[in-house]
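J.: Below: sequence and its predicted model.
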Amino acid sequence: MSCDDSLIVDNSLQNPQPSASVRPSLGGEVTLQSIANLLDSKLESKLDEKFELFKRSFQSSMSHLIKKEVVAAIDQVRLEFTQTTDFLQDGQKELKSDIESTDAKVKSLEKQNTDLKKDLNALQRRLESIEKVSRSLNVEIQGVPEKRNENVMTLVKNLYNAVSLPTTDTEISTCRRVAKLPTTASSRPRNILLSLPSMRHRDTLLSAVKRYNKSNPGNTLSSVHLGIQGDKCPVYVSEHLSPECKELFALSRVAARGKYRYVWVKYGNIYVRKDENSPAIHIKNKDCLSKIK
């Protein structure tokens, strides 16, 4: 073989051409290109099969893994939720028990408060009754001007003389000025407290003062009648009332102003009346003021 023939053979190997003597099994011509195409198609088919198998396997594995993780997560959430609900249920039971206990205590305190209010009202009524009895022999004289070195007994005797009511020293147990209440910031003179032997003596003096003022509407009882020099000041004689009763009497006069003609106190009780033909209304406490407003 010559060098040229050798080169020709090498070229034929580098660029293979289909041989005429090679025939395809199905009657077609078999060439390297057809074989390559056949191999490519087979390889592609196999790769597709492998890819499908891998994809199905991967999907199955991922689905199983995700399902496993989801189930585990759900189980964890269920466990935590159960623990939370159990905790809340225990807290609810404890709270319910505390509420029931507190409710029982509140009801007990309400009952105690009601009982204490009843006892307090009963004690107040008893105290008012005792105060009325303790003050039943006293008369309070208001509006009498104070003078230095005054003789209160002489002032009281002058009052008796002014209303034409005879009296003796033995009929006057005590007479003195009484201090003002700490909450009273008034320039009015201190009242004179007159203690008498009996309620009959008290009622007699009150009736005499009332008759005098009614008989002398233009010259009612004043400081002049008691022998006090200076400006003429009206003098009032009334029952000796407790501070609470005085306050209620003042409120009753304010509430009755312009609507009720008469407001008075008798035996420590306060009454109002519209006119002579109307029934008297007993003002027992501040709640009764709503009846006359």
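T.: The structure has been received and is ready for your questions.
J.: Residue 162 - how many residues pack around it?
T.: 19 (other Cβ atoms under 10 Å). Just so you know, the C-beta spots here come from the backbone N, C-alpha and C atoms, and that holds for glycine as well.
J.: Nearest residue to it in space, please, no chain neighbours.
T.: Excluding the flanking residues, the one nearest residue 162 by Cβ to Cβ, 6 or more residues apart in numbering is residue 225, at 3.8 Å.
J.: shouldn't the one you found be in contact with residue 159?
T.: Yes - with contact defined as Cβ atoms under 8 Å, residue 225 reaches residue 159; the gap is 7.0 Å.
J.: between those two, who's got more neighbours?
T.: residue 159 (27 against 19).
J.: what's the spacing between residue 39 and residue 103?
T.: 91 Å (Cβ to Cβ, to the nearest Å).
J.: residues contacting the residue nearest to residue 162?
T.: Applying Cβ atoms under 8 Å, 6 or more residues apart in numbering, we find residue 225 in contact with 158-159, 162, 235.
J.: again, 7 Å this time
T.: By Cβ atoms under 7 Å, 6 or more residues apart in numbering, residue 225 lies in contact with 158-159, 162.
J.: same question, residue 180
T.: Applying Cβ under 7 Å, 6+ apart, the residues near residue 180 are residue 190.
J.: Next one: it, what pLDDT does it get?
T.: Residue 180 is assigned a predicted lDDT (pLDDT) of 78.
J.: Mind telling me what element it is part of?
T.: Secondary structure assignment for residue 180, by DSSP states H and E: no helix or strand.
J.: now the strands for the stretch 151-293 of the chain?
T.: For the stretch 151-293 of the chain, the strands defined by DSSP state E, counting those that start in this stretch cover 174-177, 192-195, 236-239, 262-266, 269-273, 281-283.
J.: ok, and which of those strands has the densest surroundings?
T.: strand 192-195 (a mean of 20; mean count of other Cβ atoms under 10 Å).
J.: follow-up on the earlier one: among the strands of the stretch 151-293 of the chain, which comes closest to residue 128?
T.: strand 269-273 (10.2 Å; Cβ to Cβ).
J.: Given the closest one, what are its sheet partners and their directions?
T.: Here strand 269-273 has these sheet partners by DSSP bridges: strand 262-266 (antiparallel), strand 281-283 (antiparallel).
J.: Nearest to residue 132 among those would be which one?
T.: When these are compared (using Cβ to Cβ), the closest one is strand 262-266, at 11.0 Å.
J.: List the contacts of the closest one.
T.: Strand 262-266 has contacts (Cβ under 7 Å, 6+ apart) with 238-239, 241, 249, 252-253, 256, 271-273.
J.: Can you check which helix is longest in the protein?
T.: helix 32-135 (DSSP state H).
J.: what about this structure, any weak spots by pLDDT?
T.: Within the chain, the stretches with pLDDT under 70 are 1-29, 182-185, 293.
J.: Let's check: the centremost residue of it is which one?
T.: residue 106 (15.4 Å; Cα atoms, centre = their mean).
J.: count of neighbours near residue 141?
T.: For residue 141, using other Cβ under 10 Å, the count is 24.
J.: Tell me the spacing between it and residue 191.
T.: 6 Å.
J.: That'll do, ta.
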